[in-house]
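# Provide a 3D model corresponding to the input given below.
(chains A and B)
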Amino acid sequence: MKVGIVVFPGSNCDRDMYHVLLDVFKLDVKYFWHEDKLPKDLDAIILPGGFSYGDRLRAGVIAAHSPVISDVKRMADKGMPVLGVCNGFQILVESELLPGVLLKNTSLNFMCRWTELIVENNKTPFTNKFAIKEKIPIPIANGEGRYYVDKATLHTLQKNNQIVFRYGESVNNSVFDIAGICNKEGNVVGMMPHPERAVEAEINPKDCKPASVIFESLITTVGARK
Amino acid sequence: MSLQPQELDYLSKKIKRKPNDTEMHIVAAEWSEHCSYKSSKKHLKILPMSGPRVIQEKGFDSGVLDVGDGYVITVHIESHNHPSAVEPYGGAATGVGGVIRDILSAGTRPIALFDGLRFGNIEKDSQARWLFKNAVTGIADYGNCLGIPTIGGEVEFDECYTNYALVDVASIGFGKKDRLIKNHADAGDVVVLLGGPTGRDGMGGAQFASDSLETENRSAVQIPDPFIEKLIIEVTLEARNEGCIKALKDLGGGGLSCAISETADMLGIGIELDVNRVHTRESDMNPREIMTSESQERMLVITDKKKLAKLESICKKFRVTCSVIGKVTSDKIMKVKNNNVVVASIPAEIVANAPLLDRPSKIPAYLKELQKKKEPKPVSDLSKTIMKLLSCPNIASKIWVYGQYDHEVGIRTVVKPGMDSAVLRLDNGKYLAAKIDGNPKQCYIDPKNGAIGCFEEACRNVVCTGATPIGMVDHLQFGNPENQEIFWTFLESLKGISEFSKYFDIPCVGGKVSLYNETPQGPIKPTPLIGVLGLIEKKPLPPQNLEQGDILILIGTTKDELGGSEYYEYIHGFVGGKCPTVDFKESKQNMNAVIHIIENEWAKNAHDCSKGGLAIAVSELSMTSNIGCTISLDNIPSSKLPDDKILFSESHSRYLLSISKSNLDAVLDYLKTKKVNFGIIGKFEGKNITFSKSKKVIAKLSVDKAHDTWFNSLKDLVLHG
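Numbering: from 1, shown residues only, chains lettered A, B, ... in the order given. Predicted coordinates:
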């Protein structure tokens, strides 16, 4: 399977994601500069973390207007698995592939710490090998990571099973402790925590197996389709 | 902010005419203390700078160490004190930017940042609090944006930094040995300036930093733009991969004046440039301003004419502006033109080599006064004192600081911040431990032994992860060197560092001298800072949870050395007493023993004793693992000392090893054979930290309460004052 990592000016977790997909999960992985055309033979697209355009104006808002986004939208519409991590999630939200906004953390500071996620939806291409309520030790690292939607939209998210991950503790006052969501169809997933930082035992102080299931789920999904 | 009269004479003699205004500004920038090291350069030669791992090449702005398998690490340390004292956010952020470009200019990718921060008394002084808060945010916003993890450092508060700030930043780079930039140039090569536009920020910054801080010169503070810096990193590394870089230099203090003259001098070439071709932020800048502006995020590249188009296309991809500003000549002259008018023309060698000084020195009078002072009487309540020390801003957990730094990005961080030293994994299967340490309280009382102590402490911290020290960087920060007493403290510290470095074969691979650190209230205490890099060939010691029944061994001797300790200064408000000294032989023996025990996987945890002494080091172990411990003072290797001195002495060369019962015999056998001075001082159990003597409890605190105090004190102080 072939995974494309989209690199924006200011992306800084692209190389980490690349390493994990290539060296840990042995996938065929390629970088695409934000002005490139995405080839048709991709099986999945990942928007990595970082500070695209230095978070100017608002995290992710400028990158959401990059040329590559129209390709991402078109491929997402056709059902391709798309994962946005941290800044990637912010870009997905700003480009309206996902609902809601990501606000500044209530501490007003950047936060880097390990926490725990709870899997709420195991029907997405990135979570289908999890059991519901399974826990994932994982780090967060963001300044604008507080997910917000109004009550009506939250209700819709719940109704459509669009809440994918919740924090196991109150981390930054995100609405309903939401850490990750998906689109209505379930193929586009955005999450603030960094799975690529949690899949190797050496750098994961707790357990690296749960976070690995995110990528294993993707491999199963794509493998099953072929 | 200009040349001294004797310097002007010297310059006129050298060039056989009077320099014009632009030339004077160019030379004044380069001959500032900040750029020229004119007070310190002669003395720095005593530091051993070579070793089997050290790679020295022309024009490296950072130290380079061979870590095997074709890989190198690079390291550099800088400070940004004056700017940070005026505008902490921008000052600290641009400090980060500057040190990163030094790593980049060797052709390596920056993989880690460290910061050492010092401010006035934040418990009393709201300005110190403001400086602290904003410096941390500045570092966080810059480093996080670049995706370079900030994995270590230290924070200290002392009244000598009132109305001032020391912001030290160190960076580590990693790369392939054969990809290092081998600086060279030939006549006809193209000189390119790439990055952010040159503006009127940071005007005369080098001179500003070479004088006491009396006025708030805001225009001398640079404006940070981490986004451009990130793009420059990618542009530079891609250009290096494409063979577009013959020589590379970052623009820092002294701006273009410094970068051009030093590059030309180092390569034995001339450079002719036209200021009119420099891309500027403002339209009406004169040649003098363009040459001395310290606008950030700029790199100077010398490239082959044939490679220029490729370099330009890489810049275009990242939307980084690049300007061809001049060419390499063979006449060794730095020639600056404004369109067709020559505005400066001086041999590069003269600009780049300020006349060095031989400053006089004498032993400070205050040292004698300190010796006369009577040491304070012991406290009556040891438990209370330990709790108070745990809340002391110098000892309390720094999680409020490192929690704002992305310390995971780059996925190398094996041992996270908050431990003795962070550990990074390298691509060749080895590991790198690194730590920076300073101790102005001890250096004030004894500049030489204080500096040696900082060096040993940094070594101890990396040794606790199982690493062997392979190199060091020093950052020597003092007041006005024209004051003979201050200059004496500088020379003494340098001597101490050099002696330690020689005895332990740890070469100095880089460093910085920062003088004139003073305000109208007076100079700072001597603040040498030592950064030590340690290499682990096989496996680091990761933090493990301690369990009921684990045994605690103390290696090293506790001596009557309370001078400069947190106990004397924070609890008693007493400055004086005997500064801890390092017995080199014992130090080496203990270091080797700890490394051996870790390599054999006999220890669950190793932790050094430093600020707050044994009492605090033991408490830290208990708090981190959330388990109590019972310690007997009877088994602590020491001369006969009162209880408070045993608990709070900051004697060096001491390590706490936590050992599970099953490994105890192996450890004891080894320590006995090697004749290491040690004691089995207690074990982990229960929910209290208890110290006893002759079976009588002398101090007892609950782990939970201790943890609450230690964990929250600094954060509460910053947030609620």
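# Could you name the helices and strands sitting against the strand or helix carrying residue B:129?
Using DSSP states H and E, residue B:129 sits in helix B:126-146. On a contact count with 3 or more Cβ pairs under 8 Å, 6 or more residues apart in numbering or on different chains; DSSP states H and E, helix B:126-146 meets helix B:81-86, helix B:88-104, strand B:109-119, strand B:150-157, strand B:166-176, helix B:226-241, helix B:703-720. C-beta here means a position set from N, CA and C on the backbone, and glycine is covered the same way.
# Now do the last one, average pLDDT.
For helix B:703-720, mean pLDDT is 95.
# And the third one, by the same measure?
If you average the pLDDT over strand B:109-119, you get 97.
# Please name every helix or strand in contact with the helix or strand of chain A with the lowest mean pLDDT.
Sorting the helices and strands of chain A by mean pLDDT, DSSP states H and E puts helix A:209-225 at the bottom, at a mean of 92. With contacts taken as 3+ Cβ pairs under 8 Å, 6+ apart, helix A:209-225 sits against strand A:135-142.
# Count residues in the vicinity of the closest residue in space to residue B:134 that isn't next to it in sequence, would you?
Excluding its sequence neighbours, the residue lying closest to residue B:134 (Cβ to Cβ, 6 or more residues apart in numbering or on different chains) is residue B:88, at 3.9 Å. For residue B:88, the neighbour count with other Cβ atoms under 10 Å in any protein chain shown is 26.
# need the contact list for residue B:385.
B:379, B:567, B:571, B:644, B:648, B:699 (Cβ atoms under 8 Å, 6 or more residues apart in numbering or on different chains).
# again, only this time at 7 Å
With contact set as Cβ atoms under 7 Å, 6 or more residues apart in numbering or on different chains, residue B:385 has these partners: B:379, B:571.
# where exactly do the strands run in the stretch 301-450 of chain B?
B:322-329, B:333-338, B:341-347, B:413-415, B:422-425, B:431-438 (DSSP state E, counting those that start in this stretch).
# Check chain A too.
A:2-7, A:28-33, A:44-47, A:82-85, A:101-103, A:111-119, A:135-142, A:146-148, A:163-167, A:178-182, A:188-191 (DSSP state E).
# Show me the shaky parts of chain A.
A:224-226 (pLDDT under 70).
# Spatially nearest residue to residue B:227, not counting backbone neighbours?
residue A:54 (2.8 Å).
# hang on, the one you found packs against residue A:9?
No. Counting by Cβ atoms under 7 Å, residue A:54 stays clear of residue A:9, with 8.6 Å between them.
# Show me which residues of chain A sit near chain B.
Contact residues, chain A versus chain B (Cβ under 7 Å from any Cβ of the partner chain): A:9-10, A:12-13, A:16, A:19, A:50-51, A:53-54, A:109-113, A:139, A:141, A:196-197, A:202-203.
# One more pass at 8 Å, please.
Residues of chain A lying close to chain B (Cβ under 8 Å from any Cβ of the partner chain) are A:9-10, A:12-13, A:15-16, A:19-20, A:33, A:49-51, A:53-56, A:109-113, A:139, A:141, A:143, A:194, A:196-197, A:200, A:202-203, A:205.
# buried subset of these?
Buried members of those, scored by 16 or more other Cβ atoms under 10 Å in any protein chain shown, are A:9-10, A:12-13, A:15-16, A:19-20, A:49-51, A:53-55, A:109-112, A:139, A:141, A:143, A:194, A:196-197, A:200, A:203, A:205.
# Could you tell me which of these belong to helices?
Using DSSP state H, the subset of these located in helices is A:15, A:16, A:19.
# I'd like the distance between the residue lying closest to residue B:365 once chain neighbours are set aside and chain A.
Of all residues not flanking residue B:365 in the chain, residue B:485 sits nearest, at 7.0 Å (Cβ to Cβ, 6+ apart). Distance, residue B:485 to chain A, by Cβ to the nearest Cβ, to the nearest Å: 42 Å.
# just checking, residue B:485 touches residue B:360?
No. The criterion here is Cβ atoms under 8 Å, and residue B:485 misses it with residue B:360 at 10.3 Å.
# Please report the number of neighbouring residues for residue A:119.
Neighbour count for residue A:119, taken as other Cβ under 10 Å: 21.
# For it, list the residues it contacts.
Contacts for residue A:119 were tallied using Cβ under 8 Å, 6+ apart; they are A:127, A:130, A:131, A:132, A:133, A:134, A:135, A:136, A:164, A:165.
# again, only using 10 Å
Going by Cβ atoms under 10 Å, 6 or more residues apart in numbering or on different chains, residue A:119 touches A:127, A:130-136, A:164-166, A:180, A:210, A:213-214.
# who does it bridge with?
Applying DSSP bridges to residue A:119 gives these bridge partners: residue A:165.
# Against residue A:83, how distant is it?
Look at residue A:119 and residue A:83: by Cβ to Cβ, to the nearest Å, they are 15 Å apart.
# count of residues packed around the closest residue to residue B:111 other than its chain neighbours?
Residue nearest to residue B:111 in three dimensions, not counting chain neighbours: residue B:174, with 4.7 Å by Cβ to Cβ, 6+ apart. Residue B:174: 22 surrounding residues under other Cβ under 10 Å.
# where's the one residue in the stretch 601-721 of chain B that gets nearest to chain A relative to residue B:400, distance?
The nearest approach of the stretch 601-721 of chain B to chain A comes at residue B:719, 9.1 Å away (Cβ to the nearest Cβ). Here the criterion is Cβ to Cβ. By it, residue B:719 lies 8 Å from residue B:400.
# just residue B:250 next, same as before
31 Å.
# Over to residue B:567?
For residue B:567, the distance to residue B:400 equals 24 Å [Cβ to Cβ].
# likewise residue B:269?
Noted for residue B:269: a distance of 49 Å to residue B:400, by Cβ to Cβ.
# what does residue B:268 give?
In terms of Cβ to Cβ, residue B:268 sits 50 Å off from residue B:400.
# If you count surrounding residues, which of the two has more?
For residue B:268 versus residue B:400, neighbours defined as other Cβ under 10 Å are more numerous around residue B:400 (23 against 13).
# hang on, isn't the more buried one packed against residue B:714?
Yes. With contacts counted by Cβ atoms under 10 Å, residue B:400 reaches residue B:714, the gap being 5.4 Å.
# what residues are shared contacts of those two?
The contact sets of residue B:400 and residue B:714 overlap at B:132, B:155 (Cβ under 10 Å, 6+ apart).
# and the stretch 251-400 of chain B, which residues reach chain A?
B:317, B:318, B:319, B:320, B:399, B:400 (Cβ under 10 Å from any Cβ of the partner chain).
# repeat that with 8 Å
B:317, B:318, B:319.
# can I get these in CSV with neighbour count and pLDDT?
Formatted as CSV, these follow (neighbours: other Cβ atoms under 10 Å in any protein chain shown; pLDDT from 0 to 100):
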residue, neighbour count, pLDDT
B:317, 15, 96
B:318, 18, 96
B:319, 10, 96
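# Among those residues, which ones are in helices?
Using DSSP H, these in helices are residue B:317.
# now the strands: where do they sit in the stretch 501-650 of chain B?
Ranges of strands within the stretch 501-650 of chain B are B:508-514, B:518-519, B:522-523, B:527-536, B:551-555, B:605-608, B:629-632, based on DSSP E, counting those that start in this stretch.
# Sheet partners, orientation included, of the second one?
Taking DSSP bridges as the criterion, strand B:518-519 pairs within the sheet with strand B:522-523 (antiparallel).
# residues making contact with the partner strand?
With Cβ under 8 Å, 6+ apart as the test, strand B:522-523 has contacts from B:160, B:478, B:479, B:480, B:483, B:486, B:517.
# On the pLDDT front, check the closest residue to residue B:336 other than its chain neighbours for me.
Leaving aside its sequence neighbours, residue B:336 sits nearest to residue B:344 (Cβ to Cβ, 6+ apart; 4.0 Å). With respect to pLDDT, residue B:344 scores 97.
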